[in-house]
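>>> Predicted model and sequence follow; I will ask about them next.
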Amino acid sequence: MELSTLPQQLINGILLGSIYALIALGYTMVYGVLKLINFAHGEVFMMGAYAALFASWALGYTPNNALTGSNPVNLIVMLLASMTFCGLLGVFIERFAYRPLRTQPRIASLITAIGISLFLQYGGQLFLPSSPAPNIDGKVNPFIGNLEVTLAKGAGTSAAAAADIQSKAAVAQKSYDDWKLSHKGADEFNLPADGQALLNVKHDTDRAVRDLKDRGDSGSLKLSVPRGQFIMLVTTVILMGMLTYLVMFTKQGRAMRAVSHDFDAAALMGVNVNGIVTFTFLVGSALAGAGAMMSATFLSGTKIDTFFGMLPGVKAFVAAVLGGIGNIPGAVLGGLLMGVAETLVVWLGYDNYRDAIAFVVLIIVLLVRPGGLLGSSKVEKV
Amino acid sequence: MTFWQTRLGSIALALVFCFSLDQFALHQNSFIQRLVVLAGLYVTLAVSLNLINGITGQFSIGHAAFYQVGAYTTGSLAGAFFNKAHLPGPAWLILMMFAGAIGASLAGLLVGLPSLRLKGDYLAIVTLGFGEIIRIVVQNQKALGGAYGLTIAPRFQAIWLVWLLAILCISVSRNLLKTAHGLPFLAVREDEVASSAMGVNVTSVKVTAFLIGSAFAGAAGALLAHFEGFISPAMFTMDVSFIIVTMVVLGGTGSITGAALSAVLLFYLPEKMRDLSDLHLSTIVAVGICLVIAVASIKRLMDHFHGEPRKRAGFMAGVVMGAVVLVPILGALLNNFDPLKTSVEGSKLRLVVFAVTLIVLMLLRPQGVFAHHEFSWAWVRKLFRGTVKAPEGVA
Amino acid sequence: MKIQTNYFSWQTGLATLALGLGLIIGCGSGDKAADNGATPDATKSAATDTTATKRPAPTSPGVKPSGDTIKIGVIGSLTGDQKPWGEDSIEASKMAVKEFNDAGGLGGKKVELLVGDSASKAEQAKSAAEKLISDGVIGIVGEVASGHTIQIAKSAFPRAIPVVAIGATKTTLTDEGTHVVRVCYTDDLQGPVVAKFAYEALGLRKVGVMTDNKQPYSQGLSKSFSDKFKALGGEIVGESFYESGQTQFSGQITELKAKNPDGVFLSGYFTEVGPIAQQIKQAGLNVKLMGGDGWDSPQLLVSGGDAIIGSFFCNHYNNKEDRPEVKDFLKKWSGTHGGKEPGTTMAALGYDATKLMLDALKRASVAKKDYSSRDIIDALNDTENFPGVSGKITLKGNGGNPPKRALIVEVRSQADGFQVFRKAYEASEVTK
């Protein structure tokens, strides 16, 4: 636990939490209208990552034939591919797996959801490339490098000491290079004794230079965000803004809120309930698709297999419940809180409990506020 | 027959069943023995979860946690005390069963208490989370073997005890339902507020359900630990919890018979699938398409035959026959497409078939195979004679 | 009220009666099993205490081959994360058996290879092993992962069926019994080799360690690396943990970076190492990365991108080695795989393990006409200088762990040959 890394860890947490929030929105919206935990939502997320992967392949970024250089248009194409595919998949699942069971006890839909989740996980292995797990080529991402902000400068070092150490390093480097020139074909890793001695001296001086730099940097406070992940955060915020507009200020949104408030009464008032449910699944799943595309692209190298959605799915579900399931701002708040809680646990030095903290926070919050942070716990009337 | 004659008779029958199963399994190979033992443990798990979910109407999806607590309690006790105790194997095993049950029921109390404030989905996520917390905590304990797992010194193979536990679990559930003690549980399931108004102590009912349910899961965990001789956190993941919930719901929430039978079936199905030979992808796709058509037509057209059981059965049979005929034809047609020509190892299909079974059964019979019915002799008589008598099952 | 009393008395009655009866009968049957300790079926309710002695020998007389063919099992992951290794090892195993049969089999009898899928999960490995044993195999080849092999070994012990592990490096594995041997090195060699290389050849002094907490392999390797590195005089500046399945490691990396390490040791499998390497580079931590044989898959280059190039890991052998066994194996493999070289070293180890099993089978059958699986165990433990693709294998007097060489390779792009051999260590150089 070092105080100096705390600001950076908070930023890491928000970046992580924004993805949780995007997935949690899908859970919470579906729960809002149908009172159903859509356990297959994590698998929709997984399929979104595959859609993005295939889109990137179609754009020419295959592992064998990786293009160099990219532009944001490629990313937008991938994002749209992933969102469209997930939206349609969500609607398809709702139409054929949940709608026939809508009049039945909710537990039946829940088990069907588990069934679909298992089906996509294991059935997907038959059709999708999963082992060895592929990943989206890092070159598709044009936003490389970091955005850095220096909050405080380091202690710095005395110029004399620095010059001394650096000159020593230069001498050692030179004598090793000279030795190498006179011993052509020497294997760097199996040197004779004299060469090894020179190499050791070079290693020692190199370390001294590094130590000097580290000492100089001590006390400095720098924040850095990978450019790609910054774009991810911005996109997430834009999507959430669009969602808020959709829910609060459009006719569809008003109908959605009405259905969420009272399913039957909304139907009696002339709301096309089935249409609204379909629309909800479309929007919620598309958001998951956006999250999947972004987390698979901007965390380069992340493997995509059919279990890609399991862990984020569960955590996003926890985030949704934490914020108060059915409550849209709650899902965002829950997601961000979860992300920050996870990195804070790492910051405290308990990395091995990173996956457990989500649930610990959840249980504590639920004991205090049984309806979640922003949810209301209504007493059922008889 | 008097009360005690029936009771003693059934106890004797249960014992005979357990020991004959034991003797039968001992002459089989170790693979079959393992199946028999694990099936018994899953019956216990499903029936004990049914007590919480089905009978009391709570929604727990973290049953594997209690299973794990039981297993690790006995695991660490066996490591510390077995060599000092000088007990004969079975006595030790029964002692450990109680230890596991106590350990798990303490954990059950821990989860049961917050459940007083939480309902439905909130409770579900708390139980799920509790399971994960336990798994991760165990994984990080050096004393419990960490991710590598814990070796348990004496390995016992007591098939009779496993099934005795299952039967005990079934009979406790059944007797709870059959007596006045079970009524509060059912009342809480049907309506918490109303039952509270009628003087039912909702708190104590819920906690009792969690206590009993988790105690049985813990005892099952104890037996598992001693049977396998080795336990690791990877054996108690969320999937295990989901499978147990699925067993309960598929059998019919609230039905003990359903939970027990679907536990055996759902455990056996994926294991059986290990023997499946390689299949062409085209065949799999063909089966999938036919299944969709069959389910859709049954869902759509079944209502036309409402109240006419014969026609219903005939229609079902027709659809199934049609599907069976259609599969090879469609398969042969699909085999002309190149991407579908690849062959797939049968063992990869294990969990796919499991998932499809789940979805199809839920679509066709959302209330579970047995719904809320129980096995009863009256029902058997009805089946054979065709006369309708009032079913004996409760609620 | 009457019902209530009934309920209580009968419920407690049932419980005490059943348990009491069970106790009596159970004790009886337990004693019986103890009396018949010599019966072949040692799985009966008798307790098998595996911790009393180091490397216990199976007491059962073993299984005799029956039927027209001699059955041998191989277990590997055909699904899941470890599929590249499982497929390679099973393919190689099939190749070895085919070769054996083509050369005439065992006195005219053919060897039949049964395949079990462990699906990258320990409990599936156990089920697969029990299934193979019930199908009548007299020996099992496998697995690649230590956690899986331990389960297989436990299932094989009561029947005295030999297990030849392919790539399971966990040191305590062979404590399971004399029936388990391996053809690879152990973590006691691998971790220290990397530590020695890091300290001496790379001149690193401050190293961070990242461990996959879900994998026993990773935990063991991190420990053996850290111990040796500290013993050499280096410092472990930070230890981070993650679980396979996580995708974002920035929290752990930020903490490591604050400790200013010279290098980072990643003891996990290649599936997570790639993204971690990329994120380490992204965080601005420009240090040498090192790892164990869990890195061994060409997929590492795809997921690690440029960030993984120039890192080092420890491996069992190298395709470029100039030994006749290696050349012969590569020729045979590329002949059946369209001219390609095997992607992972598990192919070579799987081939060695199967050949060793078949060799022991042959030796056992020559020595004794009426041989059983227990004789194969003895033959395996008597192996001396078996010429394997991955080097000479001597099991006699080594407790199932052959002393082997460990190679440090550098990760290069696919065009440069992926694994470039850097330095070889003999077992005696590292362990005291």
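That came through fine.

>>> Across the sheet, point out what pairs with the closest residue to A:S4 other than its chain neighbours.
In this structure, A:S4 finds its nearest non-sequential neighbour in A:L221, 6.0 Å apart by Cβ to Cβ, 6 or more residues apart in numbering or on different chains. From N, CA and C alone the C-beta is placed, and that goes for glycine too. Applying DSSP bridges to A:L221 gives these bridge partners: A:A152.

>>> okay, and for the chain, where does confidence drop off?
Unless you meant another one, I'm taking chain A. In the predicted model of chain A, residues A:1, A:66, A:376-382 satisfy pLDDT under 70.

>>> let's do chain C instead
In chain C, residues with pLDDT under 70: C:1-53, C:431-432.

>>> where do the helices sit along it?
C:2-35, C:83-102, C:122-134, C:146-156, C:187-196, C:216-232, C:250-258, C:270-282, C:299-304, C:324-336, C:346-367, C:373-381, C:427-430 (DSSP state H).

>>> among those, which is nearest B:A323?
Nearest to B:A323 among the helices of chain C is helix C:122-134 (30.8 Å), distances taken as Cβ to Cβ.

>>> Which strands and helices lie in contact with that closest one?
On a contact count with 3 or more Cβ pairs under 8 Å, 6 or more residues apart in numbering or on different chains; DSSP states H and E, helix C:122-134 meets helix B:30-50, strand C:70-76, strand C:111-117, strand C:140-141, helix C:146-156.

>>> and these as a markdown table, adding mean neighbour count?
Below are those laid out as a markdown table (neighbours: other Cβ atoms under 10 Å in any protein chain shown):
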| stretch | mean neighbour count |
| --- | --- |
| helix B:30-50 | 24 |
| strand C:70-76 | 27 |
| strand C:111-117 | 21 |
| strand C:140-141 | 32 |
| helix C:146-156 | 27 |
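
>>> Pipe those into TSV and attach distance to chain A per row.
Formatted as TSV, the helices and strands packed on helix C:122-134 follow (distance: least, Cβ to the nearest Cβ, whole Å):
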stretch	distance to chain A
helix B:30-50	12
strand C:70-76	12
strand C:111-117	12
strand C:140-141	21
helix C:146-156	16
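
>>> and C:P61, which of those is closest to it?
Of all the helices and strands packed on helix C:122-134, helix C:146-156 sits nearest to C:P61, with 14.4 Å by Cβ to Cβ.

>>> Just give me the residue closest to the centre of chain C.
Centroid check for chain C by Cα atoms, centre = their mean gives C:A168 as the closest residue, at 1.7 Å.

>>> Go ahead and confirm that one touches C:Y185.
No. Using Cβ atoms under 8 Å, C:A168 makes no contact with C:Y185, being 10.7 Å away.

>>> Look up how far chain B lies from the closest residue to chain A within the stretch 201-350 of chain C.
Relative to chain A, the nearest point of the stretch 201-350 of chain C is C:G203 (2.6 Å; Cβ to the nearest Cβ). Remark: distance between C:G203 and chain B (Cβ to the nearest Cβ, to the nearest Å) = 33 Å.

>>> how near is that residue to A:R215?
Using Cβ to Cβ, to the nearest Å, one obtains 19 Å as the distance from C:G203 to A:R215.

>>> out of those two, which sits in the busier spot?
C:G203 (18 against 15; other Cβ atoms under 10 Å in any protein chain shown).

>>> With adjacent residues omitted, what lies nearest to the more buried one?
The nearest residue in space to C:G203 (Cβ to Cβ, 6+ apart) is A:H203, at 2.6 Å.

>>> ok, how many other residues are close to that neighbour?
A:H203 has 20 nearby residues by other Cβ under 10 Å.

>>> roughly how far apart are it and chain B?
On the measure of Cβ to the nearest Cβ, A:H203 and chain B end up 35 Å apart.

>>> Report the contact partners of the closest residue to chain B within the stretch 151-300 of chain C.
For the stretch 151-300 of chain C and chain B, the shortest gap (Cβ to the nearest Cβ) falls at C:P216, measuring 3.8 Å. For C:P216, the contacting residues are B:146-149, C:146-147, C:170, by Cβ atoms under 8 Å, 6 or more residues apart in numbering or on different chains.

>>> If we use 6 Å, what do you get?
B:147-148, C:147 (Cβ atoms under 6 Å, 6 or more residues apart in numbering or on different chains).

>>> repeat for A:S82
Contacts of A:S82 by Cβ under 6 Å, 6+ apart are A:48, A:51-52, A:289, A:292-293.

>>> Redo the residues you listed as a markdown table? Include neighbour count, distance to C:I309 and secondary structure.
Below are the contacts of A:S82 laid out as a markdown table (neighbours: other Cβ atoms under 10 Å in any protein chain shown; distance: Cβ to Cβ, whole Å; DSSP: H, G, I helix; E, B strand; the rest coil):
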| residue | neighbour count | distance to C:I309 | secondary structure |
| --- | --- | --- | --- |
| A:G48 | 35 | 30 | helix |
| A:A51 | 25 | 30 | helix |
| A:A52 | 31 | 25 | helix |
| A:G289 | 31 | 32 | helix |
| A:A292 | 33 | 28 | helix |
| A:M293 | 30 | 27 | helix |
